[in-house]
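J.: sequence-free structure coming up:
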């Protein structure tokens, strides 16, 4: 009898387990069905919303707000000419903000896309930083527009004058060929020239417009020993080592900059043209070379 009771109890337990499994399985099936129906309903609603004109954004209405002065209508058109902004689209469209940001960051003019914000029903706002042109880098007789990081921008010219960025200096003495637009120019000479151009432009002094060329020839070890600034009248002004390279024999960069600005402000073109060179490197008062003789500037 004891064995029979044990067998009956075991069968009862097995029956209970089977019943619970059937009940759990039914719940799982029901849950899966509900999830599938919900997902199908969501995608159907989204597909319907995408087709609604109410959520359609027209890229033709998009423009750059608070544009820098150098951004012409043509440059603005180039910046916004990306695949994801080629035709009207719905703001409900999935992943559209990420695609717009990705496409914009591939443009040479764009440094960084900070955010792409959607405001329903049909407003779009893009926050981004542009690459500001600071000069022309000369390579094999062609001038290439570059920004402060040495990134090539989509503009080339055969001469500085007559271009939309004619007021920017030309960097010469480069040893490496230009990369494609949007890529950095890995050249120590250009890095040295950009460091000086940054100081000059940061001063904001109007006389710095007289600087038309910055020559930065590097030696075989790719070290720039002496940067030479040329004025619009061809006077050579010896600057010395780049600001990021220390030389205890030379004046501090801020002192050399003050001397340079003083020369450009107070010496007219005719006066500067009489000097073969002016040396800012070692002396509190710049030294000038005139007709092959070394003397102090007055």
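T.: Nice, I can see it. In this text, all values refer to a predicted model and were calculated from it rather than measured experimentally.
J.: all strands of this structure, in order?
T.: Along the chain, the segments classed as strands by DSSP state E run 56-57, 89-90, 110-119, 123-130, 133-139, 142-147, 152-157, 170-172, 211-215, 227-231, 236-240, 277-279, 287-290, 293-296.
J.: Centroid-nearest residue for this protein?
T.: By C-alpha atoms, centre = their mean, the chain has its centre lying nearest to residue 111, at 2.1 Å.
J.: Spatially nearest residue to that residue (excluding sequence neighbours)?
T.: residue 129 (4.4 Å; C-beta to C-beta, 6 or more residues apart in numbering). The way it works is simple: take the backbone N, C-alpha and C, and place the C-beta from them, glycine included.
J.: Tell me what the one you found is bridged to.
T.: On the basis of DSSP bridges, residue 129 is bridged to residue 112.
J.: Tell me the confidence at residue 103?
T.: pLDDT recorded at residue 103 is 97.
J.: Grab the nearest non-local neighbour of it.
T.: Spatial nearest neighbour of residue 103, excluding adjacent residues (C-beta to C-beta, 6+ apart): residue 82 at 3.8 Å.
J.: okay, now the one you found: neighbour count?
T.: Using other C-beta atoms under 10 Å, residue 82 has 18 other residues around it.
J.: what's the distance between it and residue 116?
T.: 12 Å (C-beta to C-beta, to the nearest Å).
J.: Kindly report the same for residue 104.
T.: Using C-beta to C-beta, we find residue 104 at a distance of 8 Å from residue 116.
J.: joint contacts of the two?
T.: residue 126 (C-beta atoms under 8 Å, 6 or more residues apart in numbering).
J.: Next, format the strands of the chain as a markdown table and append mean pLDDT.
T.: What follows is those, written out as a markdown table (pLDDT from 0 to 100):
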| stretch | mean pLDDT |
| --- | --- |
| strand 56-57 | 90 |
| strand 89-90 | 91 |
| strand 110-119 | 94 |
| strand 123-130 | 94 |
| strand 133-139 | 96 |
| strand 142-147 | 97 |
| strand 152-157 | 96 |
| strand 170-172 | 97 |
| strand 211-215 | 96 |
| strand 227-231 | 95 |
| strand 236-240 | 94 |
| strand 277-279 | 92 |
| strand 287-290 | 80 |
| strand 293-296 | 44 |
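J.: Out of those strands, flag the one nearest residue 63.
T.: Ranking the strands of the chain by proximity to residue 63 (C-beta to C-beta) places strand 123-130 first, at 10.5 Å.
J.: Which elements pack onto that closest one?
T.: helix 96-105, strand 110-119 (3 or more C-beta pairs under 8 Å, 6 or more residues apart in numbering; DSSP states H and E).
J.: Going along the chain, name the helices of the protein.
T.: 2-51, 73-80, 96-105, 188-203, 253-266, 269-273 (DSSP state H).
J.: Under the pLDDT cut-off, which ranges of the protein? List them.
T.: 1-52, 290-298 (pLDDT under 70).
J.: So it: which segments form each domain?
T.: 2-51, 55-130, 133-296 (automatic domain parsing).
J.: Mean neighbour count, those: which tops it?
T.: Highest mean neighbour count of the domains of the chain: domain 133-296, a mean of 17 (counted as mean count of other C-beta atoms under 10 Å).
J.: Is residue 185 in contact with residue 153, as I believe?
T.: No. With contact defined as C-beta atoms under 8 Å, residue 185 does not reach residue 153; the gap is 10.6 Å.
J.: residues shared between the contacts of the two?
T.: 144, 146.
J.: who's in contact with stretch 152-165?
T.: Contacts for stretch 152-165 (C-beta under 8 Å, 6+ apart): 70, 72, 78, 108-109, 131, 133, 136-137, 141-147, 166, 168, 170, 178-185, 212.
J.: gap between that stretch and the chain center?
T.: 18 Å (C-alpha atoms, centre = their mean, to the nearest Å).
J.: how long is that stretch end to end?
T.: Using C-alpha to C-alpha, to the nearest Å, the end-to-end distance of stretch 152-165 comes out at 14 Å.
J.: before we move on, what about stretch 124-137?
T.: Distance across stretch 124-137, first residue to last, is 37 Å (C-alpha to C-alpha).
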